[in-house]
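Trainee: Kindly return the folded structure for what I paste below:
(chains A and B)
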Amino acid sequence: MKLLEFVRERQWIPITGYLIYVSALTAGYYYNLTFVQLGLTDLGTQEIGMSPGDVSIVMAILALFTLVAAVSSGVLMDRRGWSTDLYMKFRLLFLVVFVQLLLTIAAPYVSTIEQFVLWVIVCSMALGVGIPVSFSFMLDFVPVRDRGYVAAIVAGLSFFVAALYPIEWQIDEFSLVMSVMMGPAVLVLAVLSVKRFRFVDSLASQHERDAFGTGRFCRPIPVPTLSFAFLGPVVLMFGVFFIDSLGFLRIIETPLYIYTSWQSPDLSVRLFIAVLHVIGALAAGVIYTNFDRNWLFFWVFGLFAFTHLLYVFHIQFGAGDTPPLVLPMFYVLAVSFYTTLNFALWPDLSTPETIGTHTALGVGIAGWLATFLSTSLALYSEGVGLSLLSHLTYVNALALLFVVTLPVVLYVHRMVELARGGMTP
Amino acid sequence: MNLELIPLLIIVLLMISTGGADVETTEFVIEGDHEMTEHRGALIVGDATVTVPAGEVVSGPVYVIGGEFRVHGTVEGDVTQLSGSLVAEDGAAIGGELQHIGGSEELSAEATITERTTVAFESSEPGPIAAYTPVVVTTLILALVGALLSRKHEPLLDTVGAAAHDHPLISLTVGALLSVTFLSVFVFMAFTLILFPVSILGLLIGLLTIGYGIIALGYLAGQQLNIPRVGLSTGLGVVGIMVLLQVIGVIPILGDLIAGGLLLTGLGAVVLTYFGLQEFEPVSLPE
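Mentor: Modelled structure (predicted):
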């Protein structure tokens, strides 16, 4: 690891970069995991009293606006050169976090559908701008060699904390916790936005070093935006996020499954899930760093397919029985795997000139759009009374389809390359 | 699920499949407290407390491999107890054969049991020789195979050993992931009964692969002995590894973790190198 080299040589400034990246991304992802994805559903259905179908429409609006805001700000960042201007990114992040703090404080007071829609639109703008800003920090702070491991730490830590606290997925509790956490972050970012520091100057130039700037998959030839090398992973990650949310949203609505796993009153069960998240993320970090990325995709789809198969089997044959922990165990492994991949992949498919656009497209389409579209679909399926068994069977079919399609597409792509006379491996 | 249940579960599934029971009606109760008011088909009691209340009838057969099975009502078929606890209260009735192989039982004098057999073992607490015989035999077999393999196909063991030595973290990660996933897949397959032979075959291949990993680790250990005869050094190395795996278990938790880590590292190295046919090289990243 490059980090160990920095420690041996007592280079504290690059080490500070690691800490800033891990802190910022962990906090941001924790906010996304808890407040946005789960708290919003609670706000819409429980606090305002909207039907699941109506909440699904609002979620779709959130997804769409987030995508538009992310792509617009990502492209703008690249064109204006802000992607490589660390101080500008700190200013943008300050604005994003400040708006999110206001939204978080306001959330429990949202009581009408109109207020809810307005809240969601403003939230999506902040989220959209936050995506290319935060994900492009990888360029400044984390050398290419360590990206898999650092991504694993971010994913593992976020899930670890989210699995243990808060226990109740309710907007009031989320709002209080988040506001307290975001206050100091806003202050630090405000200072970094207006004052120059020598160590930040040094960090700001790190992307010019060979070990940092250009992503792993852009060496020696940068990956163009409109290419199989970029769009292929976008489609695959879209599938991963879509499958995850589509299944998970219905599982958490089922008391038998949720109160014996993620929201179990037994601390040891939640601790088991939290620790497993960390182990899964670290395993994904090792695989990402040492193997071709397609192996990780293959594992993720395989794990999801097997997990949903286990759930389907349990619904059919274990009706009413306490589900074994092996069910959430595989879910947790799959989620930690793809989240680690998501943090590392987009910066590694980018150069300093394209990182704003690529992270915005990658995280925007594959992450947000897929998550919220599938969330909407999950709420819709619940609204129309589709049984959990049928729902998970569809999700499982989708996961299996990806498991089969991935090697076939890669094989065909290689065949096409060979037919065209390409010699690259 | 308690991993110690898996061997008993496999035996029971084998008994069910040879007995021709219907997979659709077979139920495995893994944990929790359950009352069986009516159940048609085979019932397996795992780490759970299962009660047949008074006046209720279950068809059976029932297999107890852990937990507790309490009968107040009636079991029409056979009851086979391999482990765990069996309690037959006053008024309980077992229409078939009650076969006791292991575990504790508490049978009321007022319970009606049509036929009762006990498979008695000479001693439930085997002596030191009996206890260590399987380990010694396994060690000797692995040492012999290792000695032969290193003499005939040394490059294979060299390649696996190099992966375990040079990339222990990657080998451990791959080994752990494969073992967790495939163990679950094979246990899951066993439940379908149709795929039971595939499940057994998979588990056997898994065990053989772990054995191959131990041989490769033994080869590595043997290299440190500076013995010119590679067969002898590998054999001794394998014995050393096996002794280490046994002795280190004395340390609570940490010992098991180290032993498990060694086995998984060996397994991962075997898989990464295609059983030693190809050297493992991680992808190259900029320094």
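Trainee: Quick one, grab the pLDDT at the closest residue to chain B within chain A.
Mentor: Evaluated by CB to the nearest CB, chain A has residue A:290 as its residue closest to chain B, separated by 3.8 Å. C-beta here means a position set from N, CA and C on the backbone, and glycine is covered the same way. Residue-level confidence at residue A:290 comes out at 93, pLDDT.
Trainee: Not counting residues beside it along the chain, what's closest to residue B:108?
Mentor: The shortest distance from residue B:108 to any residue that is not its chain neighbour, by CB to CB, 6 or more residues apart in numbering or on different chains, is 4.9 Å, and that residue is residue B:90.
Trainee: got the phi/psi numbers for the one you found?
Mentor: Backbone torsions of residue B:90, given as degrees, to the nearest 10, read phi -60, psi 130.
Trainee: quick one: contacts for it?
Mentor: By CB atoms under 8 Å, 6 or more residues apart in numbering or on different chains, residue B:90 lies in contact with B:108, B:110-111.
Trainee: Need the pLDDT of it.
Mentor: pLDDT for residue B:90: 85.
Trainee: for residue A:306, same thing?
Mentor: pLDDT, residue A:306: 84.
Trainee: Please work out how many residues are found near it.
Mentor: By the criterion of other CB atoms under 10 Å in any protein chain shown, residue A:306 has 22 neighbours.
Trainee: give me the element it is part of.
Mentor: Counting by DSSP states H and E, the secondary-structure element that holds residue A:306 is helix A:293-317.
Trainee: Can you give me every residue that contacts residue B:57?
Mentor: For residue B:57, the residues meeting the contact criterion (CB under 8 Å, 6+ apart) are B:38, B:73-76.
Trainee: now the helix or strand following the helix holding residue A:306: how far from the chain's centre is it?
Mentor: Tracing the chain past helix A:293-317, the next element assigned as helix or strand by DSSP H and E is helix A:326-348. Distance of helix A:326-348 from its chain centroid, counting by CA atoms, centre = their mean, to the nearest Å, is 9 Å.
Trainee: so what does the helix or strand following helix A:326-348 touch, helix or strand wise?
Mentor: Following the chain from helix A:326-348 toward its C-terminal end, the next helix or strand by DSSP H and E is helix A:355-361. Packing partners of helix A:355-361 (3 or more CB pairs under 8 Å, 6 or more residues apart in numbering or on different chains; DSSP states H and E): helix A:52-80, helix A:113-135, helix A:228-251, helix A:326-348.
Trainee: Next, give me the two most distant ones among the contacts of residue B:57.
Mentor: By the measure CB to CB, B:38 and B:75 form the most distant pair in the contacts of residue B:57, at 12.0 Å.
Trainee: Alongside chain A, which residues does the stretch 51-200 of chain B contribute?
Mentor: B:167, B:169-170, B:173-174, B:176-177, B:180-181, B:184-185, B:188, B:191 (CB under 8 Å from any CB of the partner chain).
Trainee: Give me the pLDDT for the closest residue to chain A within chain B.
Mentor: Nearest to chain A in chain B, going by CB to the nearest CB, is residue B:282, at a distance of 3.8 Å. The predicted local confidence for residue B:282 comes out at a pLDDT of 91.
Trainee: ok now do it, which residues does it touch?
Mentor: Contacts of residue B:282 were listed using CB under 8 Å, 6+ apart, and they are A:289-291, B:167, B:170.
Trainee: So which residues of the stretch 51-200 of chain B form helices?
Mentor: Using DSSP state H, counting those that start in this stretch, the helices found in the stretch 51-200 of chain B span residues B:128-152, B:154-166, B:168-191, B:196-223.
Trainee: These: which one's closest to residue A:328?
Mentor: Taking CB to CB as the criterion, helix B:168-191 is the member of the helices of the stretch 51-200 of chain B that comes nearest to residue A:328, at 12.7 Å.
Trainee: for that closest one, packing partners?
Mentor: If you count contacts as 3+ CB pairs under 8 Å, 6+ apart, helix B:168-191 packs onto helix A:267-290, helix A:293-317, helix A:326-348, helix B:5-19, helix B:154-166, helix B:196-223, helix B:254-272.
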